[in-house]
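After the sequence you'll find the predicted model.
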Amino acid sequence: MVKLIDGKAIAASKRKEMKLKVDELKGKGVNPGLAVLLIGNHPASISYVKGKIRDCEEVGIHSELLRYPDTISEDELLSEIEKLNQNESIHGILVQLPLPKQISERKVIETIAPEKDVDGFHPLNLGKMLTGQDTFLPCTPFGIIEMLKSENIEIAGKHVVIVGRSNIVGKPAGQLFLNLDATVTYCHSKTPSLSEHTKQADILVVAVGRENLIGADDVKKGAVVIDVGMNRNDKGKLVGDVSFDSVKEIAGYITPVPGGVGPMTRTMLLENTIKSALMEIGGK
Ligand code: NDP
């Protein structure tokens with residue numbers, strides 16, 4: 001029988017624990033703070049940002065939503081980030097992606113102080129992750145690992161196949177699994193015979209953005225299937241990259257969309273913000 005990995009419930013229970021940590025921090029005089037920068041009026045971005053602010057309220061993290069028109073220049077945005085780097089009440093800075101064309105994503109990410117980079121995208125933090133040092137982990141891969149840990153799913157020695165190699169999901173996910181002693185295979189748009197690879201996975205992570213990319217024939221019996229994809233189907237419904245109804249007949253574990261990886265991603269942002277605030281005490 002397949003087991004559904006309920007990311008929504010796991011994330012909610014993590015937020016309860018986080019609230020206690022935040023209260024403890026406040027008792028020590030540290031009030032964790034997150035700044036969320038939203039540029040423009042992209043409806044999906046507005047909705048993501050609102051969700052992040054709500055999550056902060058739930059666990060007692062102070063949050064500031066800073067909105068800018070999509071005509072803002074790169075220099076102006078970078079100088080806003082510099083100000084937040086100096087602001088002692090802010091422990092985490094998140095710039096909602098995507099950005100307008102005139103602004104370089106790379107420059108924005110590199111301007112955020114590494115010690116406030118709660119998205120874990122700064123090259124310094126990615127380098128620390130690569131070399132197995134303690135750092136802010138990118139939220140989606142971090143959330144995936146936490147989900148597996150809460151289900152007591154073993155990672156060491158398993159064959160993990162990652163479909164997708166973006167800098168924010170696929171690549172760091174593979175690296176985290178490798179750090180935990182898995183054997184990792186990466187697949188991408190130039191991989192021939194994708195199914196030959198996915199069928200070998202003990203743990204299959206799919207992060208592409210294409211509905212029904214993975215069907216029952218692409219999955220080994222009993223495999224753990226993690227669906228990161230978020231797509232709108234022709235009925236406007238949110239769906240993943242995995243054909244849920246057929247794959248659940250084969251898999252051992254599966255994450256739903258919605259209610260799987262998404263809520264975990266949001267919650268790991270809070271975890272990183274708390275980590276940053278804790279570092280302040282460590283430094284005192
Ligand atoms: P990107 O578009 O940056 O990367 C997609 C990856 O998929 C690329 O590496 C691409 O390969 C690969 N790919 C494309 N087509 C195929 C194919 N036919 N077969 C195998 N690989 C293919 O996307 P992201 O990593 O940012 O996001 C992936 C999905 O996850 C999206 O649906 C996104 O919305 C969702 N997402 C969900 C999150 C959550 O919290 N649930 C968080 C972040 C993303 P190549 O490199 O060769 O182009």
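Sure thing, it's come through.

Do you have the strands of the stretch 151-284 of the chain handy? List them.
Counting by DSSP state E, counting those that start in this stretch, residue ranges of the strands within the stretch 151-284 of the chain are 159-163, 183-187, 203-206, 224-227, 231-232, 238-239, 253-254.

Check whether the first one comes near the ligand.
Spelled out, it's strand 159-163. Yes. On the criterion CB under 6 Å from any ligand atom, strand 159-163 is in touch with the ligand at residue 163. Yep, even glycine has a C-beta here, placed from its N, CA and C like the rest.

Could you tell me how far that strand lies from the centre of the chain?
When distances are taken as CA atoms, centre = their mean, to the nearest Å, strand 159-163 is centred 17 Å away from the chain's centroid.

can you list the strands of the stretch 151-284 of the chain in TSV and add mean neighbour count?
Converted to TSV, the strands of the stretch 151-284 of the chain look like this (neighbours: other CB atoms under 10 Å):
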stretch	mean neighbour count
strand 159-163	25
strand 183-187	18
strand 203-206	27
strand 224-227	27
strand 231-232	14
strand 238-239	16
strand 253-254	22
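
want to try CSV for those, with mean pLDDT as columns?
Compiled in CSV, the strands of the stretch 151-284 of the chain are given as follows (pLDDT from 0 to 100):
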stretch, mean pLDDT
strand 159-163, 99
strand 183-187, 99
strand 203-206, 99
strand 224-227, 99
strand 231-232, 96
strand 238-239, 97
strand 253-254, 98
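
Format the ones you listed as CSV; extra columns: distance to residue 99.
Formatted as CSV, the strands of the stretch 151-284 of the chain follow (distance: least, CB to CB, whole Å):
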stretch, distance to residue 99
strand 159-163, 26
strand 183-187, 26
strand 203-206, 26
strand 224-227, 27
strand 231-232, 22
strand 238-239, 23
strand 253-254, 33
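
where does this protein have low pLDDT?
Applying pLDDT under 70 to the chain flags the ranges 283-284.

Helices along that one, start to end?
Under the criterion DSSP state H, the chain contains helices at 7-27, 43-59, 74-86, 105-111, 123-130, 139-150, 170-179, 194-198, 244-247, 261-283.

I'd like to know which of these lies nearest to the ligand.
With CB to the nearest ligand atom, the closest approach to the ligand among those belongs to helix 261-283: 3.3 Å.

Which other helices and strands does that closest one contact?
helix 7-27, strand 33-39, helix 43-59, strand 92-95, helix 139-150 (3 or more CB pairs under 8 Å, 6 or more residues apart in numbering; DSSP states H and E).

let's go with 7 Å and repeat that
helix 7-27, helix 43-59, strand 92-95, helix 139-150 (3 or more CB pairs under 7 Å, 6 or more residues apart in numbering; DSSP states H and E).

Excluding residues flanking it in the chain, which one is nearest residue 32?
In space, and not counting its chain neighbours, residue 32 is closest to residue 277: 3.7 Å by CB to CB, 6 or more residues apart in numbering.

doesn't residue 30 make contact with that neighbour?
Yes. Counting by CB atoms under 7 Å, residue 30 is a contact partner of residue 277 at 5.2 Å.

who has more neighbours, these two?
Using other CB atoms under 10 Å as the criterion, residue 277 and residue 30 rank with residue 277 on top: 23 against 18.

Report the contact partners of the more buried one.
By CB atoms under 7 Å, 6 or more residues apart in numbering, the residues touching residue 277 are 25, 30, 32, 91.

Distance to the ligand for the residues you listed - can I get that in a markdown table?
Output for these, formatted as a markdown table (distance: CB to the nearest ligand atom, whole Å):
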| residue | distance to the ligand |
| --- | --- |
| 25 | 26 |
| 30 | 28 |
| 32 | 22 |
| 91 | 22 |
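
Which among the residues you listed count as buried?
Using 16 or more other CB atoms under 10 Å as the burial test, the contacts of residue 277 include 25, 30, 32, 91 as buried.

Just name the closest of these to residue 112, please.
Relative to residue 112, the closest of the buried ones among the contacts of residue 277 is residue 91; by CB to CB it sits at 12.0 Å.

surely that closest one meets residue 274?
No. Using CB under 7 Å, residue 91 is not in contact with residue 274, being 8.2 Å away.

Touching both of these two, which residues are there?
Common contacts of residue 91 and residue 274, defined by CB under 7 Å, 6+ apart, comprise residue 32.

Tell me, how many residues neighbour residue 69?
A count of nearby residues for residue 69, using other CB under 10 Å, gives 9.

Would you report the backbone torsion angles of it?
Residue 69 has phi and psi values of phi -70, psi 160 when expressed as degrees, to the nearest 10.
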